[in-house]
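*Asks:* would you be able to build a 3D model of this:
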Amino acid sequence: MTGFWRASLALLALAACAPKPEQPAPDDLRAARQAALTFDQKMSREITARLDRAEDPVAIWLAYADNVPFWGKTLSDAAHMEFSRTALTTRNPSNAPDDWERQQMEQMSFLLDAGLDPDTMEITEILTEGDEKVFRWMRPLIAGETCLTCHGERIDNRIKLLIGQEYPLDDAVGYAEGQLLGAYSARKVLSVKGQPPPPYTPQPTPERLPADPRTPDDAPLVQPAEPAAPP
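*Replies:* Got it, this is the predicted structure:
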(Lines give C-alpha, C1' and ligand atoms only; values in the text may rest on other atoms or scores of the structure.)
Protein backbone atom coordinates (compact mmCIF):
# COMPACT_ATOMS: atom_id res chain seq x y z
CA MET A 1 0.00 0.00 0.00
CA THR A 2 1.41 3.37 -1.01
CA GLY A 3 1.91 6.25 1.41
CA PHE A 4 -0.91 8.18 -0.31
CA TRP A 5 -3.48 5.45 0.34
CA ARG A 6 -2.28 4.91 3.91
CA ALA A 7 -2.72 8.64 4.59
CA SER A 8 -6.16 8.63 2.94
CA LEU A 9 -7.34 5.68 5.03
CA ALA A 10 -6.03 7.36 8.18
CA LEU A 11 -8.00 10.52 7.41
CA LEU A 12 -11.14 8.50 6.77
CA ALA A 13 -10.69 6.67 10.06
CA LEU A 14 -10.28 9.95 11.93
CA ALA A 15 -13.42 11.37 10.28
CA ALA A 16 -15.40 8.26 11.23
CA CYS A 17 -14.29 8.57 14.86
CA ALA A 18 -14.94 12.31 15.14
CA PRO A 19 -17.92 13.14 17.39
CA LYS A 20 -21.04 14.11 15.49
CA PRO A 21 -22.53 17.55 16.20
CA GLU A 22 -25.27 17.44 18.80
CA GLN A 23 -28.70 17.54 17.20
CA PRO A 24 -31.45 19.85 18.48
CA ALA A 25 -34.41 18.42 20.34
CA PRO A 26 -37.39 17.94 17.99
CA ASP A 27 -39.60 19.98 20.34
CA ASP A 28 -37.22 22.97 20.20
CA LEU A 29 -37.02 22.80 16.42
CA ARG A 30 -40.80 22.53 16.18
CA ALA A 31 -41.30 25.52 18.51
CA ALA A 32 -38.94 27.74 16.50
CA ARG A 33 -40.63 26.80 13.23
CA GLN A 34 -44.08 27.39 14.71
CA ALA A 35 -43.09 30.85 15.98
CA ALA A 36 -41.85 31.81 12.51
CA LEU A 37 -44.99 30.44 10.86
CA THR A 38 -47.22 32.35 13.27
CA PHE A 39 -45.32 35.57 12.61
CA ASP A 40 -45.65 34.98 8.85
CA GLN A 41 -49.40 34.46 9.18
CA LYS A 42 -49.91 37.57 11.31
CA MET A 43 -47.80 39.67 8.96
CA SER A 44 -49.73 38.40 5.94
CA ARG A 45 -53.14 38.91 7.52
CA GLU A 46 -52.56 42.27 9.19
CA ILE A 47 -49.98 44.01 6.99
CA THR A 48 -49.22 42.61 3.53
CA ALA A 49 -52.84 41.70 2.76
CA ARG A 50 -53.79 45.33 3.36
CA LEU A 51 -51.08 46.47 0.95
CA ASP A 52 -52.38 43.99 -1.62
CA ARG A 53 -55.81 45.61 -1.24
CA ALA A 54 -54.18 48.98 -2.04
CA GLU A 55 -55.01 50.53 1.32
CA ASP A 56 -53.11 53.72 2.11
CA PRO A 57 -49.54 52.68 3.00
CA VAL A 58 -49.26 55.38 5.67
CA ALA A 59 -52.20 53.94 7.61
CA ILE A 60 -50.63 50.49 7.32
CA TRP A 61 -47.26 51.79 8.50
CA LEU A 62 -48.89 53.31 11.58
CA ALA A 63 -50.54 49.96 12.36
CA TYR A 64 -47.22 48.19 11.83
CA ALA A 65 -45.27 50.54 14.08
CA ASP A 66 -47.87 50.30 16.86
CA ASN A 67 -48.20 46.51 16.93
CA VAL A 68 -45.60 44.42 15.08
CA PRO A 69 -42.65 45.15 17.42
CA PHE A 70 -44.55 43.36 20.22
CA TRP A 71 -45.21 40.14 18.31
CA GLY A 72 -41.71 38.76 18.90
CA LYS A 73 -42.09 39.04 22.67
CA THR A 74 -45.49 37.35 22.61
CA LEU A 75 -44.15 34.48 20.49
CA SER A 76 -41.06 34.16 22.69
CA ASP A 77 -43.24 33.61 25.74
CA ALA A 78 -45.40 31.06 23.92
CA ALA A 79 -42.36 29.09 22.72
CA HIS A 80 -40.31 29.51 25.96
CA MET A 81 -37.33 30.71 23.94
CA GLU A 82 -36.01 34.00 22.56
CA PHE A 83 -37.61 34.60 19.16
CA SER A 84 -36.84 37.67 17.08
CA ARG A 85 -36.14 39.11 13.65
CA THR A 86 -32.76 40.48 12.68
CA ALA A 87 -30.97 41.66 9.55
CA LEU A 88 -27.57 42.67 8.24
CA THR A 89 -28.93 46.21 7.91
CA THR A 90 -31.48 47.13 10.55
CA ARG A 91 -34.14 49.77 11.04
CA ASN A 92 -34.33 49.38 14.81
CA PRO A 93 -30.85 49.15 16.42
CA SER A 94 -32.22 46.77 19.06
CA ASN A 95 -32.65 44.18 16.29
CA ALA A 96 -28.95 44.19 15.33
CA PRO A 97 -27.51 40.67 14.92
CA ASP A 98 -24.95 39.05 17.19
CA ASP A 99 -21.82 37.51 15.68
CA TRP A 100 -23.41 34.10 15.08
CA GLU A 101 -26.49 35.60 13.42
CA ARG A 102 -24.39 37.86 11.20
CA GLN A 103 -22.26 34.93 10.07
CA GLN A 104 -25.32 32.84 9.19
CA MET A 105 -26.97 35.67 7.24
CA GLU A 106 -23.79 36.36 5.29
CA GLN A 107 -23.77 32.68 4.34
CA MET A 108 -27.47 32.83 3.41
CA SER A 109 -26.85 35.86 1.18
CA PHE A 110 -23.98 34.06 -0.58
CA LEU A 111 -26.13 30.96 -1.17
CA LEU A 112 -29.00 33.07 -2.49
CA ASP A 113 -26.65 34.75 -4.96
CA ALA A 114 -25.53 31.27 -6.01
CA GLY A 115 -29.14 30.36 -6.84
CA LEU A 116 -30.01 28.16 -3.85
CA ASP A 117 -33.72 27.92 -2.96
CA PRO A 118 -34.30 29.98 0.22
CA ASP A 119 -36.90 27.45 1.37
CA THR A 120 -34.02 25.01 1.99
CA MET A 121 -32.06 27.45 4.17
CA GLU A 122 -32.77 26.44 7.74
CA ILE A 123 -29.82 26.60 10.13
CA THR A 124 -29.74 24.85 13.51
CA GLU A 125 -26.81 24.47 15.90
CA ILE A 126 -26.09 23.56 19.48
CA LEU A 127 -23.38 25.95 20.64
CA THR A 128 -21.43 26.80 23.77
CA GLU A 129 -21.65 30.50 24.61
CA GLY A 130 -19.70 31.25 27.77
CA ASP A 131 -21.16 29.07 30.55
CA GLU A 132 -24.27 28.30 28.52
CA LYS A 133 -25.08 25.56 26.05
CA VAL A 134 -27.69 26.98 23.68
CA PHE A 135 -29.94 25.97 20.82
CA ARG A 136 -29.70 28.38 17.88
CA TRP A 137 -31.98 28.46 14.84
CA MET A 138 -32.40 30.77 11.84
CA ARG A 139 -34.53 30.98 8.72
CA PRO A 140 -34.17 33.63 5.99
CA LEU A 141 -36.67 36.39 5.22
CA ILE A 142 -36.80 37.23 1.53
CA ALA A 143 -37.90 40.66 0.28
CA GLY A 144 -41.23 40.40 -1.53
CA GLU A 145 -42.97 43.09 -3.54
CA THR A 146 -44.99 44.34 -0.57
CA CYS A 147 -41.85 44.56 1.61
CA LEU A 148 -40.45 47.15 -0.77
CA THR A 149 -43.17 49.60 0.27
CA CYS A 150 -41.06 50.36 3.35
CA HIS A 151 -37.71 48.76 2.46
CA GLY A 152 -37.27 49.38 -1.27
CA GLU A 153 -35.59 52.07 -3.33
CA ARG A 154 -38.76 54.08 -3.99
CA ILE A 155 -40.55 54.77 -0.71
CA ASP A 156 -43.47 57.16 -0.37
CA ASN A 157 -42.11 60.45 0.98
CA ARG A 158 -44.73 60.46 3.73
CA ILE A 159 -43.51 57.06 4.94
CA LYS A 160 -39.89 58.21 4.74
CA LEU A 161 -40.73 61.04 7.11
CA LEU A 162 -42.55 58.73 9.53
CA ILE A 163 -39.66 56.24 9.52
CA GLY A 164 -37.18 59.05 10.04
CA GLN A 165 -39.16 60.23 13.03
CA GLU A 166 -39.18 56.85 14.79
CA TYR A 167 -35.92 55.35 13.48
CA PRO A 168 -33.42 58.12 12.71
CA LEU A 169 -30.63 55.54 12.25
CA ASP A 170 -32.62 53.49 9.73
CA ASP A 171 -30.37 51.45 7.44
CA ALA A 172 -32.94 48.98 6.08
CA VAL A 173 -33.75 50.52 2.70
CA GLY A 174 -32.70 50.06 -0.91
CA TYR A 175 -33.71 46.40 -1.18
CA ALA A 176 -34.88 44.69 -4.37
CA GLU A 177 -37.37 41.84 -4.65
CA GLY A 178 -35.78 38.46 -3.96
CA GLN A 179 -32.92 39.77 -1.82
CA LEU A 180 -32.24 38.63 1.73
CA LEU A 181 -34.21 41.07 3.87
CA GLY A 182 -33.28 39.49 7.19
CA ALA A 183 -33.98 36.35 9.17
CA TYR A 184 -36.04 34.86 11.94
CA SER A 185 -33.84 33.85 14.86
CA ALA A 186 -34.49 31.65 17.90
CA ARG A 187 -32.26 30.99 20.90
CA LYS A 188 -32.86 28.75 23.91
CA VAL A 189 -30.55 28.09 26.87
CA LEU A 190 -30.20 24.34 27.36
CA SER A 191 -27.82 24.28 30.33
CA VAL A 192 -25.66 26.56 32.46
CA LYS A 193 -22.28 25.18 33.59
CA GLY A 194 -23.58 21.72 32.80
CA GLN A 195 -26.65 22.12 35.01
CA PRO A 196 -30.31 22.54 33.93
CA PRO A 197 -31.12 26.18 33.22
CA PRO A 198 -33.54 28.15 35.36
CA PRO A 199 -37.14 27.95 34.16
CA TYR A 200 -38.08 30.34 31.41
CA THR A 201 -39.64 33.46 32.87
CA PRO A 202 -42.21 35.07 30.58
CA GLN A 203 -41.50 38.72 30.05
CA PRO A 204 -44.38 41.13 30.63
CA THR A 205 -46.12 41.82 27.36
CA PRO A 206 -45.81 45.52 26.53
CA GLU A 207 -49.05 47.38 27.02
CA ARG A 208 -50.90 47.51 23.73
CA LEU A 209 -51.17 51.05 22.51
CA PRO A 210 -54.63 52.57 22.17
CA ALA A 211 -56.14 52.85 18.73
CA ASP A 212 -54.13 55.33 16.73
CA PRO A 213 -56.22 58.49 16.23
CA ARG A 214 -54.10 59.61 13.29
CA THR A 215 -55.30 59.28 9.74
CA PRO A 216 -53.34 59.15 6.47
CA ASP A 217 -54.11 62.85 5.99
CA ASP A 218 -52.18 63.59 9.20
CA ALA A 219 -48.90 62.49 7.61
CA PRO A 220 -46.25 63.73 7.41
CA LEU A 221 -45.96 64.15 11.15
CA VAL A 222 -42.52 65.71 10.76
CA GLN A 223 -42.02 68.52 8.32
CA PRO A 224 -38.79 68.66 6.29
CA ALA A 225 -36.26 71.14 7.58
CA GLU A 226 -36.46 74.55 5.98
CA PRO A 227 -33.56 75.27 3.61
CA ALA A 228 -30.93 77.51 5.09
CA ALA A 229 -31.22 81.16 4.15
CA PRO A 230 -28.53 82.34 1.78
CA PRO A 231 -25.83 84.40 3.48
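*Asks:* can you check which strand is longest in this protein?
*Replies:* Longest among the strand segments of the chain by residue count, using DSSP state E, is strand 180-192.
*Asks:* tell me what it is packed against?
*Replies:* Helices and strands touching strand 180-192, by 3 or more Cβ pairs under 8 Å, 6 or more residues apart in numbering; DSSP states H and E, are helix 26-43, strand 82-86, helix 99-113, strand 132-142. (Each C-beta comes from the backbone N, C-alpha and C, glycine too.)
*Asks:* can you put the ones you listed in a markdown table and add distance to Ala49?
*Replies:* Listed next are the helices and strands packed on strand 180-192 as a markdown table, based on distance: least, Cβ to Cβ, whole Å:
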| stretch | distance to Ala49 |
| --- | --- |
| helix 26-43 | 9 |
| strand 82-86 | 19 |
| helix 99-113 | 26 |
| strand 132-142 | 17 |
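*Asks:* in JSON lines, list the ones you listed along with mean neighbour count, distance to Gly182 and mean pLDDT.
*Replies:* JSON lines is the format used below for the helices and strands packed on strand 180-192 (neighbours: other Cβ atoms under 10 Å; distance: least, Cβ to Cβ, whole Å; pLDDT from 0 to 100):
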{"stretch": "helix 26-43", "mean neighbour count": "16", "distance to Gly182": "12", "mean pLDDT": "96"}
{"stretch": "strand 82-86", "mean neighbour count": "21", "distance to Gly182": "6", "mean pLDDT": "95"}
{"stretch": "helix 99-113", "mean neighbour count": "16", "distance to Gly182": "7", "mean pLDDT": "96"}
{"stretch": "strand 132-142", "mean neighbour count": "21", "distance to Gly182": "5", "mean pLDDT": "97"}
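*Asks:* nearest to Ile126, of these?
*Replies:* Of all those, the one in closest proximity to Ile126, counting by Cβ to Cβ, is strand 132-142 (6.0 Å).
*Asks:* have a look at this protein and report the helix or strand with the lowest mean pLDDT.
*Replies:* When each helix and strand of the chain is scored by mean pLDDT, DSSP states H and E, helix 3-17 comes last, with a mean of 53.
*Asks:* center of the protein, which residue is that?
*Replies:* Residue closest to the mean C-alpha point of the chain, counted by Cα atoms, centre = their mean, is Arg85 at 2.3 Å.
*Asks:* can you tell me how far it is from Asp27?
*Replies:* Separation of Arg85 from Asp27 (Cβ to Cβ, to the nearest Å): 22 Å.
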